[in-house]
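Trainee: Structure for the following, please:
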Amino acid sequence: MSDFKFCPVCAASLELRADEGEANKLRLACPHGHWTHWDNPLPVLAALVEIDGKMLTARNAAWAEGRFALITGFMERDETPEQGIAREIKEETDLDAQQIQLIGVYEFMRKNELIIAYYVKASGTVKLSPELLEYRLSEPADLRPWPAGTGHAVADWMRARNLPVQYVEFAGSTTPLVASAQA
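Mentor: This is a model prediction of the structure:
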């Protein structure tokens, strides 16, 4: 459920209780009524980045070889999702977002996330942040989305352009991935 163990107001041990107002959904709560852990999904920003007609995917330093994904990150306080994805692209690839277009919003229940996915035309020269090991530039038709989370965003984007969608499975993966035909 979560790593929370104590009430942030009074430090009492949290208890798992049925929320009577919501069909007895179990939630961690302070026994004195100070605080409830709602465990709401976390919004995650994702970008399918196009640079010079090619689609950019990158491999996180923590991932196995051959696993590439969209550029993702979290919003900061006082920024819009569009500002957030432009910032993430700049931080992670040193590219400048030129056009930002919403693809859609996707659930990713395995990680309790809500993905806000964008198609972004960018410019500049790719320079990866230390959290990314390598990148690929692929033809749009060569993208192979995985059948969850950001993969559905890639598939929707491809379908909107009349490109054939071929899903790929990564056994045991909880990482939002996309592959290219080179993978």
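
Trainee: Was I right to think Leu128 contacts Glu134?
Mentor: Yes: with contact taken as C-beta atoms under 8 Å, Leu128 and Glu134 are classed as touching, separated by 7.4 Å. C-beta coordinates here come from the backbone N, C-alpha and C atoms, glycine included.

Trainee: the more surrounded of these two?
Mentor: A side-by-side neighbour count of Leu128 and Glu134, using other C-beta atoms under 10 Å, places Leu128 first with 15 against 12.

Trainee: Distance of that one relative to Pro140?
Mentor: Leu128 sits 21 Å away from Pro140, taking C-beta to C-beta, to the nearest Å as the criterion.

Trainee: And for Glu65?
Mentor: Taking C-beta to C-beta as the measure, Glu65 falls 23 Å from Pro140.

Trainee: Among these two, which residue is more densely surrounded?
Mentor: Each of Glu65 and Pro140 has its neighbours counted (other C-beta under 10 Å); Pro140 has more, 15 against 8.

Trainee: which ones are touching the more buried one?
Mentor: For Pro140, the contacting residues are 50, 55, 158, 161, 163, by C-beta atoms under 8 Å, 6 or more residues apart in numbering.

Trainee: does the most far-flung residue of the chain relative to its centre count as helix, strand or coil?
Mentor: Here the chain has its C-alpha centre computed as a mean, and the residue farthest from that point, by C-alpha atoms, centre = their mean, is His32 with 35.9 Å. Using DSSP: H, G, I helix; E, B strand; the rest coil, the three-state assignment for His32 comes out as coil.

Trainee: Which strand runs longest in this structure?
Mentor: What stands out as the longest strand in the chain, according to DSSP state E, is strand 96-108.

Trainee: Quick check: neighbours of that strand in the sheet, parallel or antiparallel?
Mentor: According to DSSP bridges, strand 96-108 has the following sheet partners: strand 113-123 (antiparallel).
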